[in-house]
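In: Dropping a prediction and its sequence here:
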Amino acid sequence: MFHCLRAGKPALVFPVDYDQFDHAARLVAAGVARRVRRLVELPELIARTLDDPAMLEPVARLQAALARPTRRLRAHRSHGLRPAVALKPGVGASGLAVGRDHGSQ
């Protein structure tokens, strides 16, 4: 999700468990995503979502917000550390896991 919005693209969300339903509702309410309820809807939703001019402004606004470093992120970078943002299963997107190497495994 983070990578999609950071790239300035609206998202399609398909919640299946736990807090994913809450995240999906918030993203839809913000105007940056559409919820997929059945996978048979996917091809039509992809076309509708990517071509929807109403989603451009909210997505661009969120993209700009994600591009601005926070005070916490600047402090981590000043110590030579890099943040990991939901790159691995089990890492929450709301917090920053700090380490020197967060490569994919």
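Out: Okay, I see it.
In: CA atoms for contacts and neighbours, from now on please.
Out: OK.
In: Tell me how this protein divides into domains.
Out: Domain assignment of the chain by automatic domain parsing yields the ranges 1-68, 69-105.
In: and the shortest one, what's its mean pLDDT?
Out: In other words, domain 69-105. Mean per-residue pLDDT for domain 69-105: 48.
In: i'd like the first residue to be 271 from this point on
Out: Shifting the count to begin at 271 puts that one at domain 339-375.
In: Identify the single longest helix in the chain, thanks.
Out: The longest helix of the chain (DSSP state H) is helix 326-337.
In: So which residues make contact with that helix?
Out: The contact list for helix 326-337 (CA atoms under 8 Å, 6 or more residues apart in numbering) reads 275-280, 300-302.
In: now swap in stretch 284-303 and tell me
Out: 275, 280-283, 304-307, 319, 325, 328-329.
In: Now do the buried residues in it.
Out: When burial is assessed from 16 or more other CA atoms under 10 Å, stretch 284-303 yields the following buried residues: 284-285, 294-295, 297-298, 301-303.
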